[in-house]
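Trainee: Generate a structure from the sequence data that follows.
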Amino acid sequence: MKVGRWILLAAVVGGAGYYGWTRYERARSAAGAQLDAPVDAKAPPNTRIKVEVLNATTTKGLARRATLFLRDRGFDVVAIGTAREQRETTLVIDRSNHPAWARLIANALGATITSRPDSSRYVDATVLVGASWHPPAKPFYP
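Mentor: This is a model prediction of the structure:
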């Protein structure tokens, strides 16, 4: 009777381990696909590109996830908030007349670009995170 319980326990633990490992591998490959951004999707070394990230959706925490995503690529996110209007697509607004910098951010996020210079904001770009942007999957660590 006790041997049967040990076999059942071993089967449950083995199945749970296999399930966890397959989820880990799927998450790692999905995260790797999005985290391996093209070379031009990162901030150039020794260049401080100040970015403001605004959540333009009803999804809570999306601006924070976009902030972490951009900081991992070397951008200096100095402000996070919520936009007044909601958007379907992500928009990068060039605030400092540096279209190349806005293009770098747009390449990282898969966004479109517009130019509205505004020196009173003290940022180089504003990102309006739209509903179509999905943060990269977090890897599963068992």
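
Trainee: Now do the strands in the chain.
Mentor: According to DSSP state E, the chain carries its strands in the segments 50-55, 76-82, 91-94, 112-115, 125-129.

Trainee: from those, which stretch is densest packed?
Mentor: Of the strands of the chain, the one with the most neighbours on average (mean count of other C-beta atoms under 10 Å) is strand 125-129, at a mean of 27. Yep, even glycine has a C-beta here, placed from its N, CA and C like the rest.

Trainee: so what strands line up beside it?
Mentor: For strand 125-129, sheet partners with direction are given as strand 50-55 (parallel), strand 91-94 (antiparallel), following DSSP bridges.

Trainee: if we can go back for a sec, let's have the strands of the chain in TSV, adding mean pLDDT and distance to R5.
Mentor: As requested, the strands of the chain are exported to TSV (pLDDT from 0 to 100; distance: least, C-beta to C-beta, whole Å):
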stretch	mean pLDDT	distance to R5
strand 50-55	96	51
strand 76-82	96	52
strand 91-94	96	59
strand 112-115	94	60
strand 125-129	96	52
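
Trainee: okay if I get the ones you listed as TSV plus distance to L62?
Mentor: Converted to TSV, the strands of the chain look like this (distance: least, C-beta to C-beta, whole Å):
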stretch	distance to L62
strand 50-55	5
strand 76-82	10
strand 91-94	14
strand 112-115	17
strand 125-129	5
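
Trainee: of all these, which lies closest to A41?
Mentor: With respect to A41, and counting by C-beta to C-beta, the nearest of these is strand 91-94 at 12.1 Å.

Trainee: Could you list the residues in contact with the closest one?
Mentor: 56, 101-102, 105-106, 109, 111-117, 124-128, 130 (C-beta atoms under 8 Å, 6 or more residues apart in numbering).

Trainee: Same check on stretch 50-62?
Mentor: 63, 66-67, 70, 75-83, 85-87, 90-91, 105, 121-131, 133, 135.

Trainee: quick check, distance from it to the centre of its chain.
Mentor: In terms of C-alpha atoms, centre = their mean, to the nearest Å, the gap separating the centre of stretch 50-62 from the centre of its chain is 11 Å.

Trainee: contacting residues around L70?
Mentor: Residues in contact with L70 (C-beta under 8 Å, 6+ apart) are V51, V53, V77, I105, A108, L109, V127.
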